[in-house]
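# Sequence and computational prediction follow.
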Amino acid sequence: MLTRMEQGSTQTREWLGRLVPGHLDEHEALIAWLNSDEAHAVLARYPLVEYRLEQRGDALKITMSATEPTGMIRFLRWDRVWPPYWEYQGGGRPRMPLPSPASLGDALRVYWRRRGGGGDDRDRD
C-alpha cells in the first residue's frame, strides 16, 4: 500500500543521525527557523513534497519526499539545513507506510507538506 508521500513519481528517503553534544542551543534555533514561514517558503522552492524532522533524545530522523531525485540531492547539499552538529549515521528508504504525523506526538519537531496547488501546509494530520 502506498502512502500520500509515494504518490506518482515521488520518492521518499530517510536520513538518520544524532545531535552532537554541546550544540543544543544552535539546534533549537534551527528547529525554530525550520518551523518559520521563511523556511517553509524556501522548502517550497525545492521539488519537495513533504519534510519531517523527528527527534527522540539526541536521535534525529528526517524523512523527505521529492518529485525529482536531483531536487532531493540539491536539498541534501544545502548546508543551511544540514548543520555540522548533526552527525549522519545512516539512511535509505523508510518502512512504509509512514506513520501519520499526528501519531508522532512531541517527537515530530518539524513538519511541512506541499499543498496540491502549491505553497505549503503545516497541518499535522
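Structure's in. What do you need?

# what's near enough to touch the residue nearest to Thr67 when sequence neighbours are not counted?
Leaving aside its sequence neighbours, Thr67 sits nearest to Pro47 (CB to CB, 6 or more residues apart in numbering; 4.6 Å). From N, CA and C alone the C-beta is placed, and that goes for glycine too. Contact analysis of Pro47 by CB atoms under 8 Å, 6 or more residues apart in numbering lists 66-68, 71-72.

# and which of the residues you listed is nearest His27?
Met72 (22.6 Å; CB to CB).

# which parts of whichever helix or strand Arg13 is part of are buried?
Element membership for Arg13 (DSSP states H and E) is strand 11-19. By neighbour count on 16 or more other CB atoms under 10 Å, the buried set for strand 11-19 is 11-17, 19.

# swap in stretch 62-78?
62-67, 71-72, 75-76.

# Out of these, show me where the pLDDT dips lowest.
Among the buried residues of stretch 62-78, Gly71 has the lowest pLDDT, at 84.

# residues contacting the most far-flung residue of the chain relative to its centre?
Distance from the C-alpha centroid of the chain peaks at Gly22, with 22.6 Å (CA atoms, centre = their mean). If a contact means CB under 8 Å, 6+ apart, then Gly22 has Tyr85 as its contacts.

# For Val20, the count of nearby residues, please.
15 (other CB atoms under 10 Å).

# returning to what we had before: output the buried residues of strand 11-19 as a markdown table; include the columns distance to Gly116 and pLDDT.
Shown next, in a markdown table, are the buried residues of strand 11-19 (distance: CB to CB, whole Å; pLDDT from 0 to 100):
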| residue | distance to Gly116 | pLDDT |
| --- | --- | --- |
| Gln11 | 18 | 91 |
| Thr12 | 18 | 95 |
| Arg13 | 22 | 95 |
| Glu14 | 24 | 96 |
| Trp15 | 25 | 97 |
| Leu16 | 29 | 98 |
| Gly17 | 31 | 98 |
| Leu19 | 34 | 98 |
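
# Going by contacts, tell me the helices and strands next to the lowest-mean-pLDDT helix or strand in the chain.
Among the helical and strand segments of the chain, the one scoring lowest on mean pLDDT, DSSP states H and E is helix 69-76, with a mean of 88. Other elements packing on helix 69-76 under the criterion 3 or more CB pairs under 8 Å, 6 or more residues apart in numbering; DSSP states H and E are strand 11-19, strand 48-56, strand 59-66.
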